[in-house]
Every structure is written in structure tokens, then in C-alpha cells.
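S.K.: Here is my input; please provide its structure:
(one chain, ligands or ions: 1)
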Amino acid sequence: MENIKKRIFLGFIFVVLIFTGFIIPVSADWNETNKEVDSFYKLVPDDSVVHVFKEIQFTNYDTDTKYWKGYYEHMHHEIPENARNIDMWDRGNKKITIQKEHGDEYYISRLNRNLWYGDSCSIYLEYDIPVNENTAVFKLNENADLINATVMVPDSYNVYIDNPDYTTKHSSNLNMYKFNRIKDQLRCKIDAVNRTEYNVLNKTVQLSDEKVGFKIKYWDGEDDWANTTLDTALKTLPVMEKLWGIPYPKDYNITITQATKNDTSGYSGINNGKHGILMLHTSNEDILIHELAHYWTQNCNFKHRWMDEGYADLYTYLVLNRINPHDAHERKEDFIKQYNTMKQSNDLVLSTWSVPDSIGSKNFDQVDYGYKKSFVLVYNIYNKIGLESIKEANQQFLKLNSSIGNNEYKHIIQSVSHTNLKNEWKLLHSDI
Ligand SMILES: [Zn+2]
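M.R.: Predicted coordinates for the structure are as follows:
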């Protein structure tokens, strides 16, 4: 009875409002709104951009607005930092203001729409993401109740997508990757490369015993990557041999080849010994130093993965610390922080840890945890025994002609340092 009275009363108010031609703006609740997004990301090499077009449709399901129009003031949008030509309009081609205040995380569009309960409204968003001449890296960040997204890339490109939930289609020289009816959130990274013939940069560096040549192989339009890579290699190799206390241990020159994620099976870099280093076109200084350090770890006869990766990352820290102390400190602190966060939800015994042939979104966290835990262990050992003891142990690894297992490692480290490392060995054998 009460309900019927209420409805009659609200109906009466409603009629009065209609007749007076006046609508009370009621701020409708976004939780009661259904939002659907259809997104298109098209790589346009001639313009060196990824052109993004989105149709965003929202429907008013707020029951509080059954008898009047719900009022929608604004909407948040996640748009990349480097996006340009940002534009928004409605179905009637009327421009909608969209902007980001300094320091804000999101763009805000001023909608100022009134919608009846059950009615929908469509708005359109467009922007460009700048990319290189032959390489494009961009992210899909969509939040909505229902998401459809299509990525369109010319079929000459080699494409890597770190989320496998898509279907593919080919049409007029384009490969299309479709994410259909995804609920709530879609996040993934696209890495597209148009391989050209390799260009080559050559330079030699004087080391303590000999000269070593570097050859950098890179695609057209990737000169910045090639120059930075060469500079880092020339600068860091002499520092590396001093910090290891061992001259460059190989008898060959070093080739560094620019690579796609498909070439590296998802890894940032791969050291293939005398066949050189494969470096992802998005990889920076720290990855190169890590891969160069593997020329030493390979000669240490390490039997276990934690030793190879832990030492490669310890030496990345030590070398970076000489050339860029701020970055070295940040990277170290970040690794320790990530380890402490990840150990809550991961268990992994380092002494028997191995890595898979390829990594992607499904196994990334587990592999990454192994790397971070290996670094924390080796860094803690270094922190306790100091660089001189680390160098002394390095000499012993090289001298020993058999492989270094966990026991041999512990024995050598104990014998050079005479330090109590009980906690470190615990970390090596425990699953946290
Ligand atoms: Zn490595």
C-alpha cells in the first residue's frame, strides 16, 4: 500500500515537472550504469602513429532515476602519456571537452548529459600514439562492463601480444587481433616490428688484455637504439672486468642484434655465447649490462640458474653503480621491494630453480620471482662479505674445472670470507 502511494506521489511530481518544463538534475550513480566499449587500434606506418578510435556507450540503470532524468557530469579515461590529437564528440557530432589537469592520472570528459532510466548514450574518443618508423609498442588499457577491442597491424609486421585471449583475421594486407566480449578489464601490451635488412655499427674497445670488437645490428629507423646500445657496451665492458677481477674471458668479439619478442621468446635479452647477444628493441642499458655479465658467468662453471642470474644482476647493479649510481640504487631497491611483495604469493626453492624456454603473461610472475629472489640472495652475500671476497671467490670458480653446485659454491664463499652466512643459505634452500 505504501509503495503504491509512493508511486502515485512520484508520478504526480513527474507530471508537474514535465508541465513546468523543468528537470531537476540528479547526479546518477556510476555503479548503476552499464558501460560498453568498442575500441580500434590501427597502426599507420606512413604517419608513424597508432590511431585509436573508441565508441563508449553507457546506459542508465540507476533505479533512483525511474521518474526523472539521471544526470551524468563527467567520465574518466585512461589515455597514454604521449598521446596527441585527442578528440571527443557525441552522436550528434557535438564536441565534448576532454582534458587532464597537471598531476592528474586520468583524462576527464565533461559530459553534462541527462538520461532517462534505461536509455543509452554513445560518445566517441579518438587519439594518436606516436611510434617509430619500423617498431611500435603500445598498450591496451580498457575498463568497462563489456569490452570489444580490435588491433590492426599491416601484415608485414611481426607482432607479439602478451595476452593470448584473442582471435585473428586477415583482410586487405592487415592482420586483425580481436578481443571479444571481455568483462571488466582488458590489459595487454602489443609489440610490432617491421624487420628491415640489418644496418651495422662497428667499434672496438681496449680492455686490460686485448681489444674487443662490438658489432651492433639494427633495423632502419632504430639509430637511437643502436647508438645507445653501442655507447653502453663500450663504457661498461672495461668496468665489468675490473669488478669481476677477471679480464674478458672469451676469445671472440661481441655481436649485439636487435630482436623481436618472438626472437627472444618473451625475454628482454638472450646471451648466445659466441653467436652474440639478442637484445629486445625495447631493452635498455640494464638489460645489456646483465647480458654482458653472462660472458663471465658462463666461464664460472655455475651449475645452477640462481647463480647465473643472481650474478648477472649483482654485476648489473655494481657496474651501474659506477656509471649511474642513482639508477643503480633505484633498481636495487625496486628489486628488493618486488621480492618482498612477490614472496607473499609465490613459493620457489632457488637451489633447484630452472627457467622455462619462453615467458608470457601466464608464467611471467613466477619466472620474475626467481630472478628477483636470486638477486636478493646474491646481493645479500655481497653485502655481507664485500667486493674483494666476491672477486677472490670468482677466481676460484674459474680455476675449478668441475661444475659448481650448491655445496661447492657455499664452500668457496665460506673459505674466502670466514663470515656467518646462515641466513643466506636458509634463503637458498627455503621456499619463501
Ligand atoms: Zn640472464
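S.K.: need the contact list for the spatially most central residue of the chain.
M.R.: Centroid-nearest residue in the chain: K189, 7.4 Å away (criterion: CA atoms, centre = their mean). The contact partners of K189, taken as CB atoms under 8 Å, 6 or more residues apart in numbering, are 137-140, 161-163. Placement of C-beta: from N, CA and C, glycine included.
S.K.: Let me know the closest of these to R91.
M.R.: Nearest to R91 among the contacts of K189 is L140, at 24.5 Å by CB to CB.
S.K.: Show me what the helix or strand where the closest one lies is packed against.
M.R.: Using DSSP states H and E, L140 maps to strand 135-154. Under the contact definition 3 or more CB pairs under 8 Å, 6 or more residues apart in numbering; DSSP states H and E, strand 135-154 sits against strand 33-44, strand 49-60, strand 174-193.
S.K.: ok, back up a step: and the residue nearest to the centre of the chain, how far from S430?
M.R.: Look at K189 and S430: by CB to CB, to the nearest Å, they are 33 Å apart.
S.K.: hmm, back to that, and the least confident of the contacts of K189?
M.R.: Ranked by pLDDT, the contacts of K189 bottom out at D162, which scores 85.
S.K.: Verify the contact between that one and S361 for me.
M.R.: Yes - contact criterion CB atoms under 8 Å: D162 and S361 qualify, at 4.7 Å.
S.K.: Could you tell me which residues touch both of the two?
M.R.: By CB under 8 Å, 6+ apart, D162 and S361 have these common neighbours: C188.
S.K.: Show me what residue of the stretch 301-432 of the chain gets nearest to the ion.
M.R.: As assessed by CB to the ion, the ion sits closest to A312 within the stretch 301-432 of the chain, at 4.5 Å.
S.K.: and that residue, backbone torsions?
M.R.: With angles defined as degrees, to the nearest 10, A312 sits at phi -60, psi -40.
S.K.: what's I79 in contact with, if anything?
M.R.: By CB under 8 Å, 6+ apart, the contact list for I79 reads 86, 100, 107, 127.
S.K.: rerun that using 6 Å as the cut-off
M.R.: Y107 (CB atoms under 6 Å, 6 or more residues apart in numbering).
S.K.: picking that back up, for the ion, state which of the contacts of K189 is nearest.
M.R.: Closest to the ion, out of all of the contacts of K189 and judged by CB to the ion, is D162, at 19.4 Å.
S.K.: For the residue lying closest to Y295 once chain neighbours are set aside, what are phi and psi?
M.R.: With sequence-adjacent residues excluded and distances taken as CB to CB, 6 or more residues apart in numbering, Y295 is closest to K250, at 5.5 Å. Backbone torsions of K250, given as degrees, to the nearest 10, read phi -110, psi 160.
S.K.: how far away is K250 from the ion?
M.R.: Here K250 is placed at a distance of 16 Å from the ion (CB to the ion, to the nearest Å).
S.K.: and that residue, how many neighbours does it have?
M.R.: Using other CB atoms under 10 Å, the number of residues around K250 comes to 14.
S.K.: how near is it to Q206?
M.R.: Separation of K250 from Q206 (CB to CB): 16 Å.
S.K.: Show me what counts as buried in stretch 300-316.
M.R.: 300-302, 304-316 (16 or more other CB atoms under 10 Å).
S.K.: if we can go back for a sec, strands paired with the strand holding L140, and their directions?
M.R.: Paired strands of strand 135-154, with direction, are strand 33-44 (parallel), strand 174-193 (antiparallel) (DSSP bridges).
S.K.: Dump the first one to PDB, keeping only the CA atoms.
M.R.: Looking back up the chat, that one is strand 33-44. C-alpha atoms of strand 33-44 as PDB (Å, rounded to 0.1, in the frame of the first residue of the first chain):
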ATOM      1  CA  THR A  33      25.500   2.400 -15.100                       C
ATOM      2  CA  ASN A  34      26.300  -0.200 -17.800                       C
ATOM      3  CA  LYS A  35      29.400   0.800 -19.800                       C
ATOM      4  CA  GLU A  36      30.400  -0.900 -23.100                       C
ATOM      5  CA  VAL A  37      33.500  -0.100 -25.100                       C
ATOM      6  CA  ASP A  38      34.400  -0.900 -28.700                       C
ATOM      7  CA  SER A  39      38.000   0.000 -29.400                       C
ATOM      8  CA  PHE A  40      40.100   0.000 -32.600                       C
ATOM      9  CA  TYR A  41      43.800   0.400 -32.600                       C
ATOM     10  CA  LYS A  42      45.200   0.800 -36.100                       C
ATOM     11  CA  LEU A  43      49.000   1.000 -36.800                       C
ATOM     12  CA  VAL A  44      49.600   3.500 -39.600                       C
END
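S.K.: Would you state the strands of the stretch 1-150 of the chain in chain order?
M.R.: Listed in chain order, the strands of the stretch 1-150 of the chain (DSSP state E, counting those that start in this stretch) span residues 26-27, 33-44, 49-60, 70-77, 84-90, 98-99, 107-115, 120-130, 135-154.
S.K.: who's in contact with the last one?
M.R.: When contacts are taken as CB under 6 Å, 6+ apart, the neighbours of strand 135-154 outside the stretch itself are 34-43, 50, 78, 129, 159, 173-180, 182, 185-193, 281-282.
S.K.: Pull the CA coordinates from it and hand them back as PDB.
M.R.: Output of strand 135-154 as PDB, limited to C-alpha atoms (Å, rounded to 0.1, in the frame of the first residue of the first chain):
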ATOM      1  CA  THR A 135      58.700  -0.600 -34.500                       C
ATOM      2  CA  ALA A 136      55.600   0.100 -32.400                       C
ATOM      3  CA  VAL A 137      55.000  -0.600 -28.800                       C
ATOM      4  CA  PHE A 138      51.600   0.300 -27.200                       C
ATOM      5  CA  LYS A 139      49.200  -0.900 -24.500                       C
ATOM      6  CA  LEU A 140      45.500  -1.700 -24.400                       C
ATOM      7  CA  ASN A 141      44.000  -0.400 -21.100                       C
ATOM      8  CA  GLU A 142      40.300  -0.800 -21.200                       C
ATOM      9  CA  ASN A 143      37.900  -0.700 -18.300                       C
ATOM     10  CA  ALA A 144      34.100  -1.400 -18.900                       C
ATOM     11  CA  ASP A 145      31.400  -3.800 -18.200                       C
ATOM     12  CA  LEU A 146      31.900  -5.200 -21.700                       C
ATOM     13  CA  ILE A 147      34.900  -4.700 -23.900                       C
ATOM     14  CA  ASN A 148      35.500  -5.400 -27.600                       C
ATOM     15  CA  ALA A 149      38.900  -4.400 -28.900                       C
ATOM     16  CA  THR A 150      40.500  -4.800 -32.300                       C
ATOM     17  CA  VAL A 151      44.200  -4.300 -33.100                       C
ATOM     18  CA  MET A 152      45.000  -3.800 -36.800                       C
ATOM     19  CA  VAL A 153      48.600  -4.100 -38.000                       C
ATOM     20  CA  PRO A 154      50.000  -4.300 -41.600                       C
END
